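Peer 1: sequence? don't have it. structure:
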């Protein structure tokens, strides 16, 4: 019995020494009796099991006394792994929302001192946020070398897209990410603008939208510079801006404004609700009631300006006022019987004209010497040919051509008087001739009687 106990203790001692020797060296935990990797103190291998490290609550983890640097646990409060870095516990996480990245040379660093070397990246091949110096034109660039579109983003939204095309042109789409250029359109540009529900679009070669919202270019080499809901659908047409304008004629232009249409080829429309419907027509509507003002024939130049048109001045008092000379082959005044009623001959024309006074004078503003009438004097005699100020009292101008009617009747009256005088004179002449003949006869009889 004593011998058995001695043998038992010797066996236990031998096993303990053997186990102690293995733990002091490398340890392999596996099911295939393979040796541990030479670089590992502990090599755990399995195809159907994992490594389970100590699981602690956050309170238990933070209560560990004097944790060793590198100590790792699984925190089942946060459901994440934590390690002690020698100063504090750090969570092992892939969430970098609250962490800061910085790049210095080829070193990319994250807060708390972690960093990674970016091999193959040198300062000479990077672009600084403060700009680069020493670049070579035609060599250094920002971009791509393949046939793939390049996007630039702001607030994680596309702000600019460069699209290479098969003819070596590049389409440019700026502004709202919903702006679009159709696949078949080359050399096209959308410089910016657009918004949800009001995107800008180009569907034709060389088309351009400069900005604004809801603008469309659908024909070759056409332009919408900006504004809202404008359309350039004629070849080479232009809408400079404004709202709800359409240039559908080839080479047509809408300068701006609202609800204007230039549908005739090489037509022009501007203002409000102007309609240049015919080729070569020019239509400007300065009214403000949204009533369409439209061309009626080719090559018309139409202006609707309720405040008047001034040439050489900025305060016209008439539909057209010119500060200067006007030269024309003829000035025509509507005068057809079709447009008149209560037609009567002007009475007492000669007496009326006799009350007028032709004068010479000098203009106060220019000093120019001139001849004419005094409007106040004319207004006292023939108010129909005088233009009064808005107060109805002060006289402004004389409509000289309308005096022709008065002068004609005055001349006719005068001519009637002249004709009557001529007839009277003729009668007097005839009577005088008879008297002369009678006198001659008396003289002859007296002479004969004396003989």
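Peer 2: Great, that's in hand. Because the structure is a prediction, the values reported are computed rather than measured.

Peer 1: gap between the residue lying closest to residue 271 once chain neighbours are set aside and residue 268?
Peer 2: Nearest non-adjacent residue to residue 271, counting by CB to CB, 6 or more residues apart in numbering: residue 285, 4.0 Å away. Every C-beta, even on glycine, is put in place using the N, C-alpha and C of the backbone. To residue 268, residue 285 is 12 Å away according to CB to CB, to the nearest Å.

Peer 1: cool, residue 65 as well?
Peer 2: 89 Å.

Peer 1: what does residue 241 give?
Peer 2: From residue 241 across to residue 268, the span is 15 Å (CB to CB).

Peer 1: More neighbours: these two, which one.
Peer 2: Neighbours were counted for residue 241 and for residue 268 using other CB atoms under 10 Å; residue 268 has more, 23 against 19.

Peer 1: beta partners of that one?
Peer 2: residue 253, residue 282 (DSSP bridges).

Peer 1: got a list of what it touches?
Peer 2: By CB atoms under 8 Å, 6 or more residues apart in numbering, residue 268 lies in contact with 252, 253, 254, 255, 262, 276, 281, 282, 283.

Peer 1: so the residue nearest to residue 271 touches residue 293, yeah?
Peer 2: Yes: contact between residue 285 and residue 293 holds when scored by CB atoms under 8 Å: they sit 3.9 Å apart.

Peer 1: For those two, indicate the residue with more neighbours.
Peer 2: Ranked by neighbour count (other CB under 10 Å), residue 285 and residue 293 place residue 285 first, with 26 against 20.

Peer 1: quick one, strands of the stretch 51-200 of the chain?
Peer 2: Listed in chain order, the strands of the stretch 51-200 of the chain (DSSP state E, counting those that start in this stretch) span 55-56, 72-75, 80-84, 89-91, 101-104, 107-110, 115-117, 150-154, 157-164, 170-174, 180-181, 189-190.

Peer 1: likewise the stretch 351-451 of the chain?
Peer 2: 359-362, 369-372, 386-388, 395-398.

Peer 1: if we can go back for a sec, can you name the two of the contacts of residue 268 that are farthest apart?
Peer 2: Of all pairs drawn from these, the one with the longest distance (CB to CB) is 255 and 281, at 13.9 Å.

Peer 1: Which of these two has more residues huddled nearby?
Peer 2: residue 281 (28 against 19).

Peer 1: Tell me where the stretch 351-451 of the chain has helices.
Peer 2: Remark: helices assigned in the stretch 351-451 of the chain by DSSP state H, counting those that start in this stretch are 375-381, 403-450.

Peer 1: wait, isn't residue 293 in contact with residue 277?
Peer 2: No: Residue 293 lies out of contact with residue 277 (CB under 8 Å); the separation is 10.8 Å.

Peer 1: isn't residue 374 right up against residue 359?
Peer 2: Yes: Residue 374 sits in contact with residue 359 when judged by CB under 8 Å, with a separation of 6.2 Å.

Peer 1: Please identify which of the two sits among more neighbours.
Peer 2: Using other CB under 10 Å as the criterion, residue 374 and residue 359 rank with residue 374 on top: 15 against 11.

Peer 1: And the more buried one, how far from residue 131?
Peer 2: Per CB to CB, residue 374 is found 76 Å from residue 131.

Peer 1: Could you give the bridge partners of residue 362?
Peer 2: Residues in a beta bridge with residue 362, per DSSP bridges, are residue 369.

Peer 1: How much space separates it from residue 371?
Peer 2: 11 Å.

Peer 1: go on, residue 175?
Peer 2: 66 Å.

Peer 1: which of these two has more neighbours?
Peer 2: Neighbour tally, residue 175 and residue 371, criterion other CB under 10 Å: the higher count belongs to residue 175, 22 against 8.

Peer 1: Pull up the gap between that one and residue 189, please.
Peer 2: Distance, residue 175 to residue 189, using CB to CB: 11 Å.

Peer 1: And for residue 335, the neighbour number?
Peer 2: Residue 335: 9 surrounding residues under other CB under 10 Å.

Peer 1: Can you give me the pLDDT of it?
Peer 2: Listed pLDDT for residue 335 reads 91.

Peer 1: can you list contacts of stretch 31-50?
Peer 2: Outside stretch 31-50, the residues that touch it by CB under 8 Å, 6+ apart are 26, 27, 28, 29, 30, 51.

Peer 1: which residues touch the third one?
Peer 2: Right, the one you point to is residue 28. Residues near residue 28 by CB under 8 Å, 6+ apart: 34, 35, 36, 43, 45.

Peer 1: Surely it forms part of a helix?
Peer 2: No: under DSSP: H, G, I helix; E, B strand; the rest coil, residue 28 falls outside any helix and is assigned strand.

Peer 1: Not counting sequence-adjacent ones, nearest residue to it?
Peer 2: Ranked by CB to CB, 6+ apart and with sequence neighbours excluded, the top spatial neighbour of residue 28 is residue 36, at 3.9 Å.

Peer 1: returning to that earlier point: by mean pLDDT, show me the worst of the helices of the stretch 351-451 of the chain.
Peer 2: Set side by side, the helices of the stretch 351-451 of the chain give their lowest mean pLDDT on helix 403-450, at a mean of 90.

Peer 1: so what does that helix touch, helix or strand wise?
Peer 2: With contacts taken as 3 or more CB pairs under 8 Å, 6 or more residues apart in numbering; DSSP states H and E, helix 403-450 sits against helix 349-354.

Peer 1: Counting by contacts, list what the helix it packs on packs against.
Peer 2: On a contact count with 3+ CB pairs under 8 Å, 6+ apart, helix 349-354 meets helix 403-450.

Peer 1: Run the chain-centre distance for the helix it packs on.
Peer 2: In terms of CA atoms, centre = their mean, to the nearest Å, the centre of helix 403-450 is found 86 Å from the chain centre.

Peer 1: Over to stretch 210-229?
Peer 2: Going by CA atoms, centre = their mean, where stretch 210-229 is centred and where its chain is centred differ by 8 Å.

Peer 1: just stretch 159-174 next, same as before
Peer 2: Distance of stretch 159-174 from the chain centroid (CA atoms, centre = their mean) equals 21 Å.

Peer 1: Good, we can wrap up now.
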